[in-house]
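> With the sequence up front, the predicted model follows.
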Amino acid sequence: QVQLVESGGGLVQAGGSLRLSCVSSEGAFAFGTYYVGWFRQTPGKDREFVAVINRSGYGTLYSDSVKGRFTISRDIPGNTVYLQMNTLEPEDTATYYCAADKDRFSQQRSDYTYWGQGTQVTVSS
């Protein structure tokens, strides 16, 4: 069972930056075999896709709402995936989750096998 732990959330003013981390219980080389995505969710809404990174770290995909502001990356080798969030907006306020899967480079939440517990990001205006 893969465990994922997110950290780095907090309260920031609009226009500011945060870097989220997702650390896996898998070893550095084992975690490198997983695709890893970031999702976010606000109360009463579905969990939405934010970004995904492939195994090599060179392939990434972003939602239109964060493209150009957020960057996903990973340690190679390593057991950590990051989400650098710049120029934050109040609309980015949400609980952010990382997720991992061995087989799918996907924007669909249902394609991911393992999930973290989430970290809260609050952006004040």
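Received, thanks. Numbers count the residues shown, from 1 in each chain.

> Glu91 versus Gly57, what's the distance?
For Gly57, the distance to Glu91 equals 28 Å [Cβ to Cβ, to the nearest Å]. Every residue, glycine included, has its C-beta placed from N, CA and C.

> quick one, which of the two is more surrounded?
Legend: neighbour count by other Cβ atoms under 10 Å for Gly57 and Glu91, higher for Gly57 (16 against 11).

> Report the contact partners of that one.
Under the criterion of Cβ atoms under 8 Å, 6 or more residues apart in numbering, the neighbours of Gly57 are 73-74, 76.

> which residues in the protein form helices?
28-31 (DSSP state H).

> Could you list every helix and strand in contact with the lowest-mean-pLDDT helix or strand in the chain?
The least trusted helix or strand in the chain, going by mean pLDDT, DSSP states H and E, turns out to be helix 28-31, with a mean of 86. Using 3 or more Cβ pairs under 8 Å, 6 or more residues apart in numbering; DSSP states H and E, no helix or strand is in contact with helix 28-31.

> Please export the C-alpha coordinates of that helix as CSV.
The C-alpha coordinates for helix 28-31 follow below in CSV (Å, rounded to 0.1, in the frame of the first residue of the first chain):
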residue,chain,number,x,y,z
ALA,A,28,13.1,6.6,-4.5
PHE,A,29,13.4,4.3,-7.4
ALA,A,30,10.0,2.5,-6.8
PHE,A,31,8.1,5.8,-6.7
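
> Spatially nearest residue to the residue nearest the centre of the chain (excluding sequence neighbours)?
Residue closest to the mean C-alpha point of the chain, counted by Cα atoms, centre = their mean, is Trp38 at 2.6 Å. Among residues not flanking Trp38 along the chain, Val50 sits closest, at 4.3 Å (Cβ to Cβ, 6 or more residues apart in numbering).
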